[in-house]
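**Student:** build the 3D model from these lines:
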Amino acid sequence: MLSLVFAAACTSPAKRLQPDIDATACYIIYDAGSSATRLFIYQETASGWIMNKGPETGALSDPVRRNRGKSMSDANEVIADILIALDDMRRDGPPDNDGAPQWLAFDWQTRCIIDGAAVYGTAGMRLAEQQDARNSSLLWKRLNNRLSKKLGMEVTTRTLTEYEEGLYAWLTLRELNVDGNFGVAEMGGASFQVTFNCPFCVNARPVRVKGEVIPVFSHSFLGWGQDEAWRKYRNLGACSRGAGLKYVDWQVDDCAGALAEFKGTAADVSSMIKGSSGFHWYLSSAFRYMQDNDIDNFCRKGINSGFEPESSCFRAIYLDNVIETLGLPRNSQKTTANWTLGAVVCAATQCLDTQ
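**Tutor:** As a prediction, this is how the structure comes out:
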């Protein structure tokens, strides 16, 4: 069975717990996003990768960015929660609002031979490193030391490049498609990515995919994720929840018209997307929650969305505006596919080592 190859070599110290005789190769991966840190363990089988989803903990970047009331004095607590998630994953999680467990127990200590482990920061950590490089480096070092000690092996802890984040989302979907003639737009909290197979794009990079090398273009709009965009425009009354009730003759363009800065930023990428024909497009992450009646419900009627209602009208208009500005098809398919699988696939195939 194919064994994983990772940037950080893995050792097998004597203190590691002994797995069952029928244990399979596994890879531990944390998605350290701008709003939360999410744990996944991928199990290799003869029929492909099985994803086991674990607990969510606080955003790794919060202590550096001073978000959600955190500061560097809370860094050790944030790191401790990330480590505890591995123990919690061995038991069913608490019930959600529908009474189902938030995650299903997966006893990785007995069912897995851990081939590698990584914590990958995304746009939230890229912004943190711009804001405070010293404390970001300190945070990564503490996390690496404690996770390495807990697992008894070397681990990878770093921030993904903008290219990698989009590429991994694309590679995840490539596992589900018969060819590479598709693109994916992935909306996060701090950035969003657009990635597609593009032979004519100057900034496309060669990527090893399914035994062949193809040019893949990936661009990340840092600072234009839905949460960061809301920070920019939250004081605009025309973008507030229930704006249609507050302002006579309110129109969507009263809010959307303020997004001219984004349209300028997106012009080059939009041109490349419009130049690519015959593509199937996927919408991922926040895009997949969009509904046709969101603007009516949250802007014109002021209905409580149940999720961050204050920004609900803005998000409805902003996500729709992004799709229109980029020229993505309105019938693009929504997907729950997670970029973390693409990170595992890339590591296993050394997808970016094409020389």
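**Student:** surely residue 58 and residue 67 touch.
**Tutor:** No: applying CB atoms under 8 Å, one finds residue 58 not in contact with residue 67, separated by 9.3 Å. C-beta here means a position set from N, CA and C on the backbone, and glycine is covered the same way.
**Student:** so what sits opposite residue 182 in the bridge?
**Tutor:** residue 280 (DSSP bridges).
**Student:** residue 284 versus that one, what's the distance?
**Tutor:** 12 Å (CB to CB, to the nearest Å).
**Student:** so for these two, which sits in the more crowded spot?
**Tutor:** Neighbours were tallied for residue 182 and for residue 284 using other CB atoms under 10 Å; the higher tally belongs to residue 284 (26 against 20).
**Student:** looking at the chain, which helix or strand is least sure?
**Tutor:** helix 260-265 (a mean of 87; mean pLDDT, DSSP states H and E).
**Student:** how close does residue 344 sit to residue 162?
**Tutor:** Where residue 162 is concerned, residue 344 sits at a distance of 20 Å (CB to CB).
**Student:** which one of the two is surrounded by more residues?
**Tutor:** residue 344 (25 against 18).
**Student:** count of residues packed around residue 133?
**Tutor:** For residue 133, using other CB under 10 Å, the count is 11.
**Student:** who touches the nearest residue to residue 291 once chain neighbours are set aside in this structure?
**Tutor:** Spatial nearest neighbour of residue 291, chain neighbours left out: residue 297 (7.9 Å); criterion: CB to CB, 6 or more residues apart in numbering. By CB atoms under 8 Å, 6 or more residues apart in numbering, the contact list for residue 297 reads 291, 303, 305, 316.
**Student:** one more time with 10 Å, if that's ok
**Tutor:** Listed by CB atoms under 10 Å, 6 or more residues apart in numbering, the contact partners of residue 297 are 241, 291, 303-305, 312-313, 316.
**Student:** cool, and residue 139?
**Tutor:** Residue 139 neighbours (CB under 10 Å, 6+ apart): 60-61, 63-64, 72, 75-76, 78-79, 121, 125, 128-129, 132, 157.
**Student:** still on that earlier bit, secondary structure class of the residue nearest to residue 291, three-state.
**Tutor:** The three-state label for residue 297, taken from DSSP: H, G, I helix; E, B strand; the rest coil, comes out as helix.
**Student:** in stretch 248-258, what's buried?
**Tutor:** 250, 252, 254-256, 258 (16 or more other CB atoms under 10 Å).
**Student:** can you check stretch 46-56 too?
**Tutor:** 49, 52-56.
**Student:** the spatially most distant residue from the centre of the chain sits in which helix or strand?
**Tutor:** Checked against the mean C-alpha position of the chain, the extreme residue using CA atoms, centre = their mean is residue 248, at a distance of 38.9 Å. Using DSSP states H and E, residue 248 maps to neither a helix nor a strand.
**Student:** mind listing what it touches?
**Tutor:** No residues are in contact with residue 248 under the rule CB under 10 Å, 6+ apart.
**Student:** equivalent analysis for the one 5 residues further on, please.
**Tutor:** Residues in contact with residue 253 (CB under 10 Å, 6+ apart) are 238, 259, 317, 321.
**Student:** that'll do, ta.
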